[in-house]
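A.B. asks: Turn this into a model:
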Amino acid sequence: MSLTIISLVVLVALIWAIIIYNKLVHDKNTSLAAWSDIDVQLKRRHDLIPKLIDSVKQYASYESSLLQSVTELRSQAKSIEKIAERENVERELETQVHKLIAVAEDYPELKANQNFLDLQNEISDVENDIQYARRYYNGAVLNLNTRIDSFPDLIIARIFNYQYHEYFQLNEK
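C.D. replies: Residues are numbered from 1 along each chain as shown. The predicted structure follows:
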């Protein structure tokens, strides 16, 4: 009789551990997939930047330091792997891109150029997509980090060495 009870307790504990482990795997994979969505949107923005620079360069040749800054930040952002470091560079890149778009205010011909307007709308759409992807990613990270901190899930998380994921904050300083 007691062997049956012990076997039943062990079986229940094993099933419990499997369920929690699977939830941790799900939350981790959701977080990684959400980061991939952010990365895709950031790459889209990086691909639009040379077009924006070329458009502005035609009209605003004296803005060379701003153009160079945007180009350097774009290169830097593409090479950074750590989220916290990339977040800082992407935040600065976003600021510089907005400055570059604001330059159009000084050039009526540029503001009226249909290619520039289309590019400006495309960049605006990408910025919105980045914010949506960032919110989804941060929500996924919150779920994973909460599970890692919550009892009894933290037992399984520690056994399998689950690590916290970093949040990605662009517009918040």
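A.B. asks: for the helix ranked longest in the chain, the distance to its chain's centre please.
C.D. replies: Ranked by residue count under DSSP state H, the longest helix found in the chain is helix 2-59. How far helix 2-59 lies from its chain's middle: 12 Å, per CA atoms, centre = their mean, to the nearest Å.
A.B. asks: Give me the mean pLDDT for the next helix or strand after it.
C.D. replies: Remark: after helix 2-59, the chain's next helix or strand is helix 64-79, criterion DSSP states H and E. For helix 64-79, the mean pLDDT works out to 84.
A.B. asks: Helix 64-79 vs helix 2-59, what angle?
C.D. replies: Relative orientation of helix 64-79 versus helix 2-59 (axes from the mean of the first three to the mean of the last three CA atoms, to 10 degrees): 160 degrees.
A.B. asks: Using PDB, list the CA coordinates for helix 64-79.
C.D. replies: Extracted as PDB, the C-alpha positions of helix 64-79 are listed here (Å, rounded to 0.1, in the frame of the first residue of the first chain):
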ATOM      1  CA  SER A  64      26.900  66.000 -43.800                       C
ATOM      2  CA  SER A  65      27.700  65.500 -40.100                       C
ATOM      3  CA  LEU A  66      24.100  64.300 -39.500                       C
ATOM      4  CA  LEU A  67      24.300  62.100 -42.500                       C
ATOM      5  CA  GLN A  68      27.600  60.600 -41.300                       C
ATOM      6  CA  SER A  69      26.200  60.100 -37.800                       C
ATOM      7  CA  VAL A  70      23.200  58.200 -39.100                       C
ATOM      8  CA  THR A  71      25.400  56.000 -41.300                       C
ATOM      9  CA  GLU A  72      27.800  55.200 -38.400                       C
ATOM     10  CA  LEU A  73      25.000  54.400 -36.000                       C
ATOM     11  CA  ARG A  74      23.300  52.200 -38.500                       C
ATOM     12  CA  SER A  75      26.600  50.200 -39.000                       C
ATOM     13  CA  GLN A  76      27.100  50.000 -35.200                       C
ATOM     14  CA  ALA A  77      23.500  48.800 -34.500                       C
ATOM     15  CA  LYS A  78      23.800  46.000 -37.100                       C
ATOM     16  CA  SER A  79      26.900  44.600 -35.400                       C
END
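A.B. asks: C-terminal to it, what's the next element?
C.D. replies: Taking DSSP H and E, what comes next after helix 64-79 is helix 83-102.
A.B. asks: Quick one: list the elements packing against that following helix.
C.D. replies: Packing partners of helix 83-102 (3 or more CB pairs under 8 Å, 6 or more residues apart in numbering; DSSP states H and E): helix 2-59, helix 64-79, helix 114-149. Where C-beta positions appear, they are placed from N, C-alpha and C, glycine not excepted.
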